[in-house]
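Novice: Whatever this is, show me its structure:
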Amino acid sequence: MILGWLIIIAAFIFAFVGLVMPMIPGVLMMWVGFLVYHFLIDSGTLSWFFWVVMAVLTIFSLVSDYIAGSYFVKRYGGSRTGEITAAVGVVVGSFLFPPFGIILVPLIAVLIVELIVLRDTMRAVKASIGSLFGFLTSTFAKFLLLVIMVVWFFVDVNLNL
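Specialist: Numbering: from 1, shown residues only. Take a look at the predicted model:
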């Protein structure tokens with residue numbers, strides 16, 4: 001039982017580390033913790049409502065990166081190519097220079113692509129800054145979702161003890 005709780009706590013910690021190291025699938029690490037609890041500690045404690053809400057929050061978390069990045073690049077005058085570049089830049093940057101690459105690579109990549117596509121320096125700079133705001137917004141949203149998931153998990157576990 002102690003080993004199970006250590007794995008759960010480690011999985012939750014890794015979920016938060018995944019916010020700055022995207023190669024660690026943060027929200028999926030939460031599921032590791034939930035499933036370890038369910039299969040190694042107590043299979044009857046977590047309610048069906050818990051599982052449904054966690055599935056919905058997981059889907060929302062996975063989609064938030066793409067929505068926020070796309071929204072902010074577009075809002076700041078970027079092209080569709082810039083939106084795609086921002087999403088690809090986050091993934092590539094997470095492997096090239098973690099954790100700073102997830103900020104710098106999309107910022108620089110969007111700037112370069114928008115300079116080529118738009119041929120307007122100010123719009124390219126604005127779109128590039130939009131990619132930064134998109135990343136920061138989605139990271140903050142994922143942080144809040146992870147906090148909600150952890151709190152809900154412990155509330156559900158403790159209500160059923």
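Novice: All the helices of this protein, residue numbers only.
Specialist: Taking DSSP state H as the criterion, the chain carries its helices at 2-17, 26-36, 48-75, 80-96, 101-118, 121-159.
Novice: what's the third one packed up against?
Specialist: What it means is helix 48-75. Packing partners of helix 48-75 (3 or more CB pairs under 8 Å, 6 or more residues apart in numbering; DSSP states H and E): helix 26-36, helix 80-96, helix 121-159. Every residue, glycine included, has its C-beta placed from N, CA and C.
Novice: and of those, who's closest to Ala109?
Specialist: In terms of CB to CB, the element of these nearest to Ala109 is helix 80-96, at 4.1 Å.
Novice: Just the buried residues of stretch 131-144, please?
Specialist: Applying a neighbour-count criterion of 16 or more other CB atoms under 10 Å, one finds 131-135, 137-139, 141-142 buried in stretch 131-144.
Novice: and if you look at stretch 108-119?
Specialist: For stretch 108-119, the neighbour count (16+ other CB under 10 Å) marks 108-111, 113-115, 117-118 as buried.
Novice: ok, now which ones touch the residue nearest the centre of the chain?
Specialist: The residue at the geometric middle of the chain, judged as the C-alpha nearest the mean C-alpha position with CA atoms, centre = their mean, is Lys142 (4.9 Å). Under the criterion of CB atoms under 8 Å, 6 or more residues apart in numbering, the neighbours of Lys142 are 19, 26-27, 61, 64-65.
Novice: Could you list the low-confidence segments of this protein?
Specialist: Residues of the chain meeting the criterion pLDDT under 70: 65, 160-161.
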